[in-house]
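> Got a sequence here, can you build the structure:
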Amino acid sequence: MGNRRLIHILLCLLLIFCLILSENCKRKAKVTGEIEEKTEIIVPDFNCDSAYTYVAKQVDFGPRVPGTQSHKLCGDWLVSMLDKYADTVYVQPFKARIYTGEVKEGRNIFAQFNPDIQKRILLCAHWDSRPYADYDPDPKNHNLPIPGANDGASGVGVLLELARIIHKQNISIGIDIAFWDLEDWGEPQNVNNYGGEYWCLGSQYWCKNKVPMFYNANYGILLDMVGATDATFYFESISYQYASSILKKTWDIASKLGYSKYFIPDYSNPITDDHLYLNTIAQIPTINIVHQDKTSPTGFFPYWHTMEDDIDKIDKNTLKVVGNVLTYLIYNEKIMRAVIQRVSKASVKVGNQIIASISQGLLILIGFEELETKEDFKWLTNKIINLRIFNDTKGLMNLSVSDIDGDILVVSQFTLHAWTKKGNRPSFARAAPFQVSENYYKQFIEILQNVFHKPIACGVFGAYMQVELINDGPVTIIIDTKNKNF
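Numbering: from 1, shown residues only. Predicted coordinates:
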C-alpha cells in the first residue's frame, strides 16, 4: 500500500514537471518563434550563358583601345546596357598622360542601384584592352592590341549579368558598378620604367575626382581575368593588407558553395591594379579577385597580354563560379547592429526577478545577422568603449564610459533587424538563427569584456525580458558594422 502511494505521488510530480516543461517550451517558442520561422534569403540564379554573351559582345567590337572606333562603340554599348538596368548612370570623361607623355582620352562608367541607401558595395572591372601584346611568344605581335577576352571583358561580362539580376530582383543594400578606362596602358615590358604610375589611369582619376561627389562604399571588389578555364584566385597581398576581412569572407562563401578549387586560401604576390588606388586614394577597402598562376613565368594565366587572349579561352563554368560567389555575397550581406543608450540606471527582469542592473553607464541592445567577422566584433566593441557621450566638467560630451568609471549592460534583441518594407507585420528573416546569434552574443560579450575594466552585466539570451531604464539626456546612438562611416 505504501509503495502504491509512493508511486502515485511520483506520477503526480512527473505530471506537474511535464506541464511546467511544456509551458516553458511554449513560452520560449513565443519569444523565439520569429527566429525559428527564419527563411533562407533567396539568391537569384547567375546565368553564365548571359555573362558569356556579354563577354563575346565586347570582343566582337574588336580591341577596346582608347582612341579607336571599337573603343567608342563598346563604351556606348556599355552605357546603354547600364542605362537599361541601373537606377542612375554617370559617365566620367577624363584625360590622362600615358608613359610616353602623350595625353589620352578615356571615360569611366559608373552605375548605381538603390542610390539612396547608405550601405554600399562597389563592384568594378576595367573595360579597355591592352594596346600591346608584349608577352606574346611571337615578337611580331608585340605592338598589336590584344583581343582582351579574359583581361578586361570577362569581369565586365560578370558585372553586366549582375546588373541584369539586380534589376530583376531588388536588393536590400546599395550596389555600384564601375567600369574603369585606361587601365591597361602601362609601359610595355621592353621599355624602361618611366618612374610614374601609368597603369590604372581611369581608376586613379576617379579616386581623385569621385563621381558622384563625396561617394563612399563600405567595401569594394575588383574583378580582373575571371573567365579562363580552371582559374585560380588567391589572397592577393594588397587585398589582404587593406581588406583582409572582406577577402576571407568572400573565400569562405566560395568554400561554402563548393568552389575551393578556384578560390584558394593561400597568399600570392601583390599586383598593381585598380584596387591599389581604391584602397590608398579613395580609402575604400577593396579586394581583387584576379587569376594568378603560380606556375606561370608571368604570374598570370598563360595567355595574359598575348594575341591568344580571345573568346575561345573563356569558360562559362568559371564565369558561373565567380558570378555565384558575388551573387550570394551581395544578397546575403549582413549587419551587426547596436543601439547604445546613455543611462542613469537600467535593469533587466526575467519573470519577476531582476537578473542584472547597472547605475550610470551604457545600456546596449545588440542584434546579429549571419557571416559576422571577428574584425566586426573588434571594431564595434572598441567603438562602444571609446564613444565619448558622457559630459565633462564643462557639460560637453567628451568622456567615454571608461573615463567616468561607468557600467555596461548588454541585452540581446533580434528585432533590431526587423524588415518592414512589405506589409505591416515585420519580418525577422534577416536575423541570424537562434544558435548562431547566441554564439555571436557570447563572442561579443567576451571581446567587450576583454577591453573593459569592469564586469559587464548581461540579460539572458533568448528569454522574454523586461528592460527598465532612465535614458540620461536622452542620448541614443545607433551603430552597425556595415555602415562604419555613418
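
> any idea which strand is longest in this protein?
Counting residues, the longest strand in the chain under DSSP state E turns out to be strand 465-480.

> Paired strands for it, with orientation please.
Here strand 465-480 has these sheet partners by DSSP bridges: strand 337-350 (antiparallel).

> follow-up on the earlier one: in the longest strand of the chain, which residues are buried?
465, 467, 469, 472, 479-480 (16 or more other CB atoms under 10 Å). Every residue, glycine included, has its C-beta placed from N, CA and C.

> Residue 95 belongs to a strand?
Yes. Assessed by DSSP: H, G, I helix; E, B strand; the rest coil, residue 95 belongs to a strand.

> Number the residues from 18 up from this point.
Will do, 18 is the new start, and the previous item becomes residue 112.

> For it, grab the count of nearby residues.
By other CB atoms under 10 Å, 11 other residues sit near residue 112.

> who touches it in this structure?
Residue 112 is in contact with 120-123, counting by CB atoms under 8 Å, 6 or more residues apart in numbering.

> ok, 7 Å please
Counting by CB atoms under 7 Å, 6 or more residues apart in numbering, residue 112 touches 120, 122.

> so how far is stretch 255-269 from its chain's centroid?
10 Å (CA atoms, centre = their mean, to the nearest Å).

> now what about that stretch, what contacts it?
For stretch 255-269, contacts defined as CB under 7 Å, 6+ apart pick out 236, 252, 280, 282, 284, 287-288, 292-293, 296, 302-305, 342, 346, 388, 390, 392.

> Quick one: buried ones out of the residues you listed?
236, 252, 280, 288, 292-293, 296, 302-305, 342, 346, 388, 390.

> Kindly indicate which of the residues you listed lies nearest residue 433.
residue 388 (16.5 Å; CB to CB).

> so what's that closest one scoring on pLDDT?
pLDDT, residue 388: 53.

> and the closest residue in space to residue 348 that isn't next to it in sequence, how many neighbours?
Computed as CB to CB, 6 or more residues apart in numbering, the closest residue to residue 348 that is not its neighbour in sequence is residue 60, at 4.8 Å. Neighbours of residue 60 under the rule other CB under 10 Å: 16.

> picking up where we left off before, now the longest strand of the chain: average pLDDT?
Taken as a whole, strand 482-497 has a mean pLDDT of 92.

> Equivalent analysis for stretch 226-240, please.
Here the average pLDDT along stretch 226-240 is 95.

> Please report the separation between the first and final residues of that stretch.
22 Å (CA to CA, to the nearest Å).

> buried residues in that stretch?
Within stretch 226-240, the residues that count as buried by 16+ other CB under 10 Å are 227, 232, 234-240.

> of all the residues you listed, which comes closest to residue 203?
Using CB to CB, residue 239 comes nearest to residue 203 of those, at 16.2 Å.

> Within the helices and strands, which one has the closest one?
strand 236-241 (DSSP states H and E).

> now what about that strand, what contacts it?
Residues contacting strand 236-241 (CB under 7 Å, 6+ apart): 138-142, 172, 175-176, 260, 263, 290-292, 295, 301-307, 339, 343.

> Do a quick rundown of the helices in the stretch 218-367 of the chain.
Secondary structure of the stretch 218-367 of the chain (DSSP state H, counting those that start in this stretch): helices located at 218-225, 254-273, 291-297, 333-348.

> Can I get those in CSV including distance to residue 412?
As requested, the helices of the stretch 218-367 of the chain are exported to CSV (distance: least, CB to CB, whole Å):
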stretch, distance to residue 412
helix 218-225, 41
helix 254-273, 39
helix 291-297, 41
helix 333-348, 45
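
> Which one, of these, ends up nearest to residue 473?
Of the helices of the stretch 218-367 of the chain, nearest to residue 473 by CB to CB is helix 254-273, at 24.5 Å.

> Can you tell me which member of the buried ones among the contacts of stretch 255-269 has the lowest pLDDT score?
Among the buried ones among the contacts of stretch 255-269, residue 388 has the weakest pLDDT, 53.

> Look up how far residue 82 lies from the residue lying closest to residue 428 once chain neighbours are set aside.
Distances taken as CB to CB, 6+ apart place residue 476 nearest to residue 428, at 4.0 Å, with adjacent residues excluded. Between residue 476 and residue 82 the computed distance is 63 Å (CB to CB, to the nearest Å).

> got it, and residue 157?
In terms of CB to CB, residue 157 sits 18 Å off from residue 82.

> Looking at those two, which one has more neighbours?
Higher neighbour count among residue 157 and residue 82: residue 82, with 20 against 9, using other CB under 10 Å.

> List the contacts of residue 342.
267, 270-271, 274, 276.

> all strands for the stretch 318-467 of the chain, in order.
Counting by DSSP state E, counting those that start in this stretch, residue ranges of the strands within the stretch 318-467 of the chain are 354-367, 370-375, 378-384, 407-408, 414-416, 424-429.

> The first one: which residues count as buried?
If I follow you right, that is strand 354-367. Neighbour counts using 16+ other CB under 10 Å place 354-360, 362-366 of strand 354-367 among the buried residues.

> how far out from the middle of the chain is it?
30 Å.

> now swap in the fourth one and tell me
Centroid separation between strand 407-408 and its chain, computed with CA atoms, centre = their mean, is 34 Å.

> which residues of the protein score low on pLDDT?
18-58, 210-213, 351-352, 387-391, 436, 438-439, 446-447, 499-503 (pLDDT under 70).

> List the contacts of the residue nearest to residue 348.
344-345, 348.

> Check the gap between it and residue 161 for me.
Using CB to CB, residue 60 is found at 42 Å from residue 161.

> Next: residue 252.
With CB to CB as the criterion, residue 252 and residue 161 are 34 Å apart.

> Ok, residue 448 next?
Separation of residue 448 from residue 161 (CB to CB) stands at 56 Å.

> quick one, phi/psi of the spatially closest residue to residue 143 that is not a sequence neighbour?
Nearest in space to residue 143, with sequence neighbours left out and distances taken as CB to CB, 6+ apart, is residue 200 at 3.3 Å. Here is the backbone geometry of residue 200 (degrees, to the nearest 10): phi -80, psi -30.

> how many neighbours does residue 200 have?
26.

> what do you get for residue 315?
14.

> Now do the contacts for it.
Residue 315 neighbours (CB under 7 Å, 6+ apart): 152, 321.

> What strands line up against the strand holding residue 239, and which way round?
When DSSP bridges is applied, strand 236-241 pairs with strand 137-143 (parallel), strand 303-307 (parallel).

> can you give me the angle it makes with helix 333-348?
Per axes from the mean of the first three to the mean of the last three CA atoms, to 10 degrees, the angle that strand 236-241 makes with helix 333-348 is 170 degrees.

> Tell me what angle strand 236-241 forms with helix 254-273.
90 degrees.
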